[in-house]
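Sequence isn't available, so here's the structure alone:
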């Protein structure tokens, strides 16, 4: 039972997975056929070996070329726009919706409203460095596309303050407009909602 308990603890670390679900996962693997378990183990190993983060936007990708993901290295992307999202799933949602033609930056999380140190939760320094460098080239607008939650609101405020500190600003900062209701997460929004939120974005 120690092995099952250990697996349960590992599964509980998955986003949105509670104790009961984690234990069901553990019991499932204990009774699953050997071929399935072997394939799962191999794919986890392949994931760690083949999937890496882009050095520019920090998104996960299997197709990293000279440190860049396909989006960042695509000359057809609108380099005047930078969409800042919480996580990879949010970036994927925008890409699937085909409502946006610019580039991205993955913050890596949100800054909890009850904690003071934001840097341990989000890539604030990396974002500021990227924006400062690219605003000297062709970056014209930074769009904050964060979930309409208390943590999302706090993160948005922190990012705004940090971007305001960049000297010789040559870009504007905007936020998603109407379309996202309070409590909505980007990952679970449909294409029409994302399109509406982008089109009606407001500038700071």
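Sure, I can see it. Computed from a predicted structure; not experimentally measured.

Only C-alpha atoms from now on, for both contacts and neighbour counts.
Fine.

The longest helix along the chain: how far from the chain's middle?
Using DSSP state H, we find that the single longest helix of the chain is helix 34-50. Mean C-alpha position of helix 34-50 versus that of the full chain (CA atoms, centre = their mean, to the nearest Å) differs by 24 Å.

what is the mean pLDDT for the very next helix or strand once past that helix?
Of the helices and strands lying after helix 34-50 in sequence (DSSP states H and E), the nearest is strand 52-53. In this model, strand 52-53 has a mean pLDDT of 96.

So in that sheet, which strands flank the helix or strand of the chain with the lowest mean pLDDT, and in what orientation?
Least confident element among the helices and strands of the chain, by mean pLDDT, DSSP states H and E: strand 202-203 (a mean of 76). In the sheet, strand 202-203 lines up against strand 172-175 (antiparallel) (DSSP bridges).

Which SSE is immediately downstream of the strand it pairs with?
helix 191-199.

And the average pLDDT for that following helix is what?
79.

any low-confidence regions in this protein?
In the predicted model of the chain, residues 1, 115, 118, 177-184 satisfy pLDDT under 70.

Do you have the strands of this protein handy? List them.
52-53, 60-61, 78-85, 102-106, 141-145, 172-175, 202-203 (DSSP state E).

In its sheet, which strands sit next to the second one, and in what direction?
Going back to what we said before, that points to strand 60-61. In the sheet, strand 60-61 lines up against strand 52-53 (antiparallel) (DSSP bridges).

Report the distance from the strand it pairs with to the chain centre.
On CA atoms, centre = their mean, the centre of strand 52-53 falls 13 Å from the chain's centre.

Can you give me the buried ones in stretch 8-26?
Neighbour-count burial for stretch 8-26, counted by 16 or more other CA atoms under 10 Å, picks out 8-9, 11-12, 22-23, 25-26.

same check, this time on stretch 33-52
Quick answer for stretch 33-52 (16+ other CA under 10 Å): residue 52.

Next: stretch 91-103.
91, 93-95, 99-103.

What separates the first and last residues of it, distance-wise?
10 Å (CA to CA, to the nearest Å).

Could you give the separation of it from the chain centroid?
Centroid displacement of stretch 91-103 relative to its chain, using CA atoms, centre = their mean, is 12 Å.

cool, and stretch 125-135?
For stretch 125-135, the distance to the chain centre is 17 Å (CA atoms, centre = their mean).

how is this protein carved up into domains?
2-50, 70-203 (automatic domain parsing).

Looking at the ones you listed, spot the one closest to residue 56.
Nearest to residue 56, of all those, is domain 70-203, at 7.2 Å by CA to CA.

From the chain's centroid, how far away is the closest one?
9 Å.
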